[in-house]
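Visitor: Quick one, fold the following:
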Amino acid sequence: MQYFNKILNSVIAVANKVGSFQLDSSSKLKKSDIESKGLNDFVSFVDKQSESMLIDELSEIIPNSSFLAEESGKMYTESEWMWIVDPLDGTTNYIHGIPLYSISIALMKDGILQLAVIHEPNLNETFHAISGGGAFVNGKPINIGNALCMKDSLWATGFPYYDFDKIDEYMDFIKYSIKHTHGLRRLGSAAVDLAYTAAGRLDGFFEFGLKPWDVAAGALIVQEAGGIVTDFLGKDGYIFNQEIIACNKMLYEEFYDNFKRIYFG
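Guide: Predicted coordinates for the structure are as follows:
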């Protein structure tokens, strides 16, 4: 942990630098700068430049480390270290001028999450965690919410934008959640959803169709805040299985019993 504490401030400084670039660039973005990578999947020069900045500067923190990044894909070396990076989580919000998006940085050593930083530029909030060291926002400790049952909980989710194979089952569970919780929020950034869950602002988050860079940092922050994170099968496959459930341990049992009954039938 001493090593990760030593590099943490450098990682946070990089995230803040990229966040400042994104804020400065938001007024310069034109429709002609936006490309479509696929159905409802967009990218701009801001995403690409942000990722380039992250890769360059994180590579200086741990030389010869490998990367799994949204725009560049996999860049492997023989290193035991891997950064999992989303340079702009919430691109659709960003290009529409909605001020909720984030920079997500996770660090794995030998396949195990060790460090996480999520920076939200517009609110100037930086969430971080080191494995075994708790979770924080702007240096202050945070803890998962204490809702005991769904009727007392507020959740976030995301709507599928390209994978519609289970859309009917998913919408059935969303209908159930609307009737049996304080409500659902769709913020548009999975990293922020997870950070807010860790901080107790939301009681939980679930979504499918996600990539490792969407969830890796947020999952560690939730766990270090005292929460539980699984995939839709209730297992530890959330980083690479494209689906995630995160909440406190007391709430999880009721949520998951209803989720698997409705989603899996």
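Visitor: Number of residues surrounding the nearest residue to residue 240 once chain neighbours are set aside?
Guide: Closest residue to residue 240 apart from its sequence neighbours, by CB to CB, 6 or more residues apart in numbering: residue 212 at 5.9 Å. Just so you know, the C-beta spots here come from the backbone N, C-alpha and C atoms, and that holds for glycine as well. Around residue 212 there are 22 other residues, counting by other CB atoms under 10 Å.
Visitor: What about residue 3, how many residues nearby?
Guide: Count around residue 3 with other CB under 10 Å applied: 12.
Visitor: For the residue nearest to residue 240, give its distance to residue 199.
Guide: Going from residue 212 to residue 199 by CB to CB, to the nearest Å gives 22 Å.
Visitor: What spatial separation is found between the residue nearest to residue 240 and residue 168?
Guide: Distance of residue 212 to residue 168, computed by CB to CB: 26 Å.
Visitor: Likewise for residue 214?
Guide: Separation of residue 214 from residue 168 (CB to CB) stands at 23 Å.
Visitor: again, but for residue 96
Guide: Applying CB to CB, the value for residue 96 to residue 168 is 28 Å.
Visitor: May I ask you to name the longest helix in this protein?
Guide: Ordering each helix of the chain by length in residues (DSSP state H) puts helix 2-25 first.
Visitor: Show me the residue sitting in the middle of this structure in space.
Guide: The centre of the chain sits closest to residue 191, judged by CA atoms, centre = their mean, with a distance of 2.2 Å.
Visitor: Point me to the helix or strand that includes that one.
Guide: Here residue 191 sits within helix 190-198, counting by DSSP states H and E.
Visitor: Same check on residue 84?
Guide: If you go by DSSP H and E, residue 84 is part of strand 81-89.
Visitor: In the helix or strand just after that strand, which of the residues would be classed as buried?
Guide: Downstream of strand 81-89, the first helix or strand assigned by DSSP H and E is helix 91-95. Residues of helix 91-95 classed as buried by neighbour count (16 or more other CB atoms under 10 Å): 91, 93, 94, 95.
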